[in-house]
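Visitor: Give the three-dimensional model of this entry:
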Amino acid sequence: MNLKEQDKFIKSIETLFNQKCDYIFHDMAEDWLHIDVLYLGPTEEFPFNKLITMGESDFKMPKKNYLGIKRNEYMIFYDKNIDVLKNKDDFEFFMNALFLPGICVRDQNEFIEPYHEVTSDFENSNMVSSLLIFPQVMKKTSEIVIKLGTFKKCMCLQVMPINQVESEYGDQYGRDKLVRDFFYKGKTLSESIYLAEKYRNTIVPEELKK
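Guide: Numbering: from 1, shown residues only. Now for the predicted structure:
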């Protein structure tokens, strides 16, 4: 992104979450793209930590998604009590999960969209892959589309690390059903699973195996 696009992106994210960006991790990618990561802390309205890529959208995917967009940015949400600056393992886990979809897109020139799963070997975790979902904290799909220029838009997708049980459930019943049954189930945000975790023990109720 050029400076003008970065400014638009940051302002859009700040408007989306109704708060200022607290910190920017600069040039976090290990390849040719310059990718920064925005950090926004917990607020009363959005009581969790947020990490959001800025620069992934410089790479165009080989085809457009259903909204006619070829560019993605990624966000991951995690518990407000976790301080990634004080714990190296936490920092590496959330950053690795956040960057995994973009690496897949660039290395394999692959098209990815919501419900796409990217496998990985996460250290010190029982998660086995990153699943892309619509950010549940957003009220409308249009809120996650950011206009960077006259002909440049990107979609911001949430990264949700999932474990082996959840991955196998998605393989068997479909990832859209996985998301509905496990991550969008609560009537309110506080009742739903929407935060990334390093460890999660999942038991599939019998009534869901249909």
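Visitor: longest helix of the protein?
Guide: Counting by DSSP state H, the longest helix found in the chain is helix 88-108.
Visitor: for the chain, which spans come out with low pLDDT?
Guide: Low-confidence segments of the chain, defined by pLDDT under 70, are located at 29-32, 185-192, 210.
Visitor: Where do the helices of it begin and end?
Guide: Listed from the start of the chain, the chain has helices (DSSP H) covering 3-17, 88-108, 164-173, 175-178.
Visitor: Tell me which of those sits nearest to residue 119.
Guide: Checking those against residue 119 by Cβ to Cβ gives helix 164-173 as the closest, at 7.8 Å. Using the backbone N, CA and C atoms, a C-beta is placed for each residue, glycine as well.
Visitor: contacts for the closest one?
Guide: Counting by Cβ atoms under 8 Å, 6 or more residues apart in numbering, helix 164-173 makes contact with 117, 119, 126, 128-129, 131, 162, 177-178, 181-182, 200, 202-204, 208, all of which sit outside it.
Visitor: Can you get me a residue count around residue 101?
Guide: 24 (other Cβ atoms under 10 Å).
Visitor: give the contact list for it.
Guide: 72, 74, 112, 116, 118, 130, 132, 157, 159.
Visitor: Try it again at 6 Å.
Guide: Neighbouring residues of residue 101 by Cβ atoms under 6 Å, 6 or more residues apart in numbering: 74, 112, 118, 130, 132.
Visitor: Next: residue 135.
Guide: Contacts here follow Cβ under 6 Å, 6+ apart; on that basis residue 135 touches 144, 158.
Visitor: can you tell me how far the nearest residue to residue 93 once chain neighbours are set aside sits from residue 163?
Guide: Nearest in space to residue 93, with sequence neighbours left out and distances taken as Cβ to Cβ, 6 or more residues apart in numbering, is residue 198 at 5.4 Å. For residue 198, the distance to residue 163 equals 10 Å [Cβ to Cβ, to the nearest Å].
Visitor: likewise residue 87?
Guide: Taking Cβ to Cβ as the criterion, residue 87 is separated from residue 163 by 20 Å.
Visitor: Cool, thanks, talk later.
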